[in-house]
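Undergrad: I'll drop the sequence and a predicted model, then ask my questions.
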Amino acid sequence: MLKGSCLCGGVTYEVHSELGPIIMCHCSKCRKATGTAFATNTPINTADLKLVTGENLLSEFESSPNVFRVFCKNCGSPLYSRRAITPEVIRLRIGTLDSAIDDKPTANVFVASKAEWYEIADDLPQYAERP
């Protein structure tokens, strides 16, 4: 089991499964949502995420049709995203984990729209869009 939380600590959660592949997404929407060059995400089964505290602090924004970004409305921490067409899977924001993990990122996606000021300096596969 892994534990995580938002910046203010109002939302805490547990992940009761292994993490999926860790992907660094460079799309403009992830950059806007995080305020950084990319978002680092992993897919997990929705049923494997247990909200421990702060469910009432969750809010979501539909960033594109049927794609919802879920965040803490108190501190603004992005926690995960969900897609209406795949309700069984969410994309957890790795930066909100409090537990240490051994998993490492596996790829960079949407590099065709990456920030022009950011140079990808790892040797991971790069995909223009989502493979």
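TA: Sure thing, it's come through. Numbers count the residues shown, from 1 in each chain.
Undergrad: not counting its neighbours along the chain, what's nearest residue 58?
TA: Excluding its sequence neighbours, the residue lying closest to residue 58 (CB to CB, 6 or more residues apart in numbering) is residue 70, at 5.7 Å. Using the backbone N, CA and C atoms, a C-beta is placed for each residue, glycine as well.
Undergrad: so residue 50 touches residue 12, yeah?
TA: No: contact criterion CB atoms under 8 Å: residue 50 and residue 12 do not qualify, at 9.6 Å.
Undergrad: for the residue nearest in space to the middle of the chain, which residues are in contact?
TA: The centroid of the chain falls nearest to residue 93 when counting by CA atoms, centre = their mean (2.6 Å). Applying CB atoms under 8 Å, 6 or more residues apart in numbering to residue 93 gives the contacts 34, 39, 40, 41, 77, 78, 79, 80.
Undergrad: okay, and the beta partners of residue 107?
TA: residue 23 (DSSP bridges).
Undergrad: isn't it right up against residue 129?
TA: No: Residue 107 lies out of contact with residue 129 (CB under 8 Å); the separation is 11.7 Å.
Undergrad: which residues are in contact with stretch 57-73?
TA: 6-8, 10-11, 29, 33, 51, 54, 74, 77-85, 90.
Undergrad: span of it from start to end?
TA: Terminal residues of stretch 57-73 lie 6 Å apart, using CA to CA, to the nearest Å.
Undergrad: so for it, mean pLDDT?
TA: Mean pLDDT, computed over stretch 57-73, is 97.
Undergrad: list the buried residues in it.
TA: 57, 58, 67, 68, 69, 70, 71, 72 (16 or more other CB atoms under 10 Å).
Undergrad: for the second one, give its distance to residue 45.
TA: To residue 45, residue 58 is 18 Å away according to CB to CB, to the nearest Å.
Undergrad: do the same with the third one
TA: From residue 67 over to residue 45 the distance is 18 Å, taken as CB to CB.
Undergrad: again, but for the last one
TA: Counting by CB to CB, the gap between residue 72 and residue 45 amounts to 22 Å.
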